[in-house]
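*Asks:* the following block contains a protein sequence and its predicted model.
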Amino acid sequence: MSGSRREDILRQIAEENGITYKSSSPLSGGDINEVYLLVGPSEKFVVKLNNTSRFPGMFEAERLGLQKLAEPEVIDVPKPLATGAIKEMAYLLLEYKDSGRKSSNFWESFGEQMAKLHKTTAEDFGLEKDNYIGSLPQYNDKKDSAAEFYISMRLQPQIKMARDKGFQLNVSDNFYRNCEQLIPQEPPALVHGDLWNGNYLVNSKGLPCLIDPAVAFAPREMDLGMMKLFGGFQDQLFQTYNEVLPLESGWQERIPLWQLYYLLVHLNIFGAGYRSQVTSIIRQFS
């Protein structure tokens, strides 16, 4: 997007939301959205932009996800302020979070806060709306059990997409039966849903702040699986988490099973480089 068009859109977003526009500048973002700092006379805001036709409803889903994460009041998230569309560009207006240095007990605090977040439950697995995982649709139909939700709403849509793209994954009925036996029968937990080390900030108090969620009421070990997939989270986090909300026995052996979902997502977005990891995990649990 040209600088003049970007500034014109950001000025209109500011006007729509009662903000006196002072300046704007790009922020680092992902592959999906353009992200900008919007500066008013006394406040800063974050604006995310994407094309309205490419990812319909993405920002409304993200807004709902941030609201869900904020409701228990146990971990920091930026406040979503508005969604809308201007000149074929959808936008999400967010509170700007000043950043700081990690506190001396950052990882212990992070573990405790994630455990408290996961204590937030619901009657069913799922969510009232579908949302996105990265650039892909994520389905949240209500299910009664953790295994049913994970298999039918997480694994099977991604496996079908991978097959449609030409990847042969050799998923057997025995694999799904083993999933049903291995997944703990725990209550639904409010999960971030996409918690790699690029989806948290360190706020001005030196504590974690979650961003870019893919929220659902889901098996809580999903978040731990994603946190361990690409690294960047220290052991103290998991130790404290397990003290506050003890994990079912065998949780470490189940980590690859949860990582399978995220690796399938990467396979479907980025291609064959992730196929060997995906097929290895399928064989492990077949």
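*Replies:* Thanks, I have the structure now.
*Asks:* can you read off the pLDDT for Gly3?
*Replies:* On pLDDT, Gly3 comes in at 68.
*Asks:* and if you look at Gln252?
*Replies:* For Gln252, the pLDDT comes out at 97.
*Asks:* in three-state terms, label it for me.
*Replies:* Judged by DSSP: H, G, I helix; E, B strand; the rest coil, the three-state class of Gln252 is helix.
*Asks:* going forward, the N-terminal residue is numbered 6.
*Replies:* I'll keep to 6 as the first residue from here, and by that count the last item is Gln257.
*Asks:* burial count for it?
*Replies:* Gln257 has 12 neighbours, counted by other C-beta atoms under 10 Å. The C-beta positions use only the backbone N, C-alpha and C, and glycine is treated the same way.
*Asks:* give the partner strands of the helix or strand containing Tyr96 in its sheet and their orientations.
*Replies:* Assigned by DSSP states H and E, Tyr96 belongs to strand 94-100. Paired strands of strand 94-100, with direction, are strand 49-56 (antiparallel), strand 85-91 (antiparallel) (DSSP bridges).
*Asks:* average pLDDT across it?
*Replies:* 96.
*Asks:* pull the residues that contact the helix or strand of the chain with the lowest mean pLDDT.
*Replies:* The helix or strand of the chain with the lowest confidence, counting by mean pLDDT, DSSP states H and E, is helix 8-21 at a mean of 90. Contact with helix 8-21 is made by 6, 24-26, 29, 39, 41, 43, 45, 52, 54, 87, 89, 91-92, 94, 96, 98, as judged by C-beta atoms under 8 Å, 6 or more residues apart in numbering.
*Asks:* so Leu206, which of the three states?
*Replies:* strand.
*Asks:* can I have the buried ones of the contacts of helix 8-21 as a ChimeraX selection?
*Replies:* Only the buried entries of these go into this ChimeraX selection, using 16 or more other C-beta atoms under 10 Å:
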select :24,26,29,39,41,43,52,54,87,89,91,94,96,98
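*Asks:* in terms of secondary structure, what does the strand or helix carrying Phe222 contact?
*Replies:* Using DSSP H and E, Phe222 sits within strand 221-223. Contact partners of strand 221-223 among helices and strands, from 3 or more C-beta pairs under 8 Å, 6 or more residues apart in numbering; DSSP states H and E: strand 194-196.
*Asks:* separation between the nearest residue to Leu99 once chain neighbours are set aside and Ala277?
*Replies:* Nearest residue to Leu99, sequence neighbours excluded (C-beta to C-beta, 6 or more residues apart in numbering): Val51, at 4.2 Å. Distance of Val51 to Ala277, given as C-beta to C-beta, to the nearest Å: 34 Å.
*Asks:* between the two, which one's more packed in?
*Replies:* Val51 (20 against 11).
*Asks:* distance-wise, check Ile164 relative to Trp112.
*Replies:* Counting by C-beta to C-beta, the gap from Ile164 to Trp112 is 34 Å.
*Asks:* ditto for Asp228
*Replies:* Asp228 is 15 Å from Trp112, by C-beta to C-beta.
*Asks:* repeat that for Pro46.
*Replies:* 38 Å.
*Asks:* who's more crowded, these two?
*Replies:* Comparing Pro46 with Trp112 by other C-beta under 10 Å, the one with more neighbours is Trp112, at 20 against 8.
*Asks:* A helix includes that one, no?
*Replies:* Yes: per three-state DSSP, Trp112 lies within a helix segment.
*Asks:* contacting residues for it?
*Replies:* Trp112 is in contact with Phe238, Gln239, Asp240, Gln241, Leu242, Thr245, counting by C-beta under 8 Å, 6+ apart.
*Asks:* filter the residues you listed down to the buried ones.
*Replies:* Phe238, Leu242, Thr245.
*Asks:* which one of those sits closest to Met119?
*Replies:* Distances from Met119 to the buried ones among the contacts of Trp112, taken as C-beta to C-beta, are shortest for Leu242 (7.3 Å).
*Asks:* for that closest one, which non-adjacent residue is closest in space?
*Replies:* Among residues not flanking Leu242 along the chain, Gly116 sits closest, at 4.0 Å (C-beta to C-beta, 6+ apart).
*Asks:* what do you get for Trp263?
*Replies:* Excluding the flanking residues, the one nearest Trp263 by C-beta to C-beta, 6+ apart is Gly230, at 2.8 Å.
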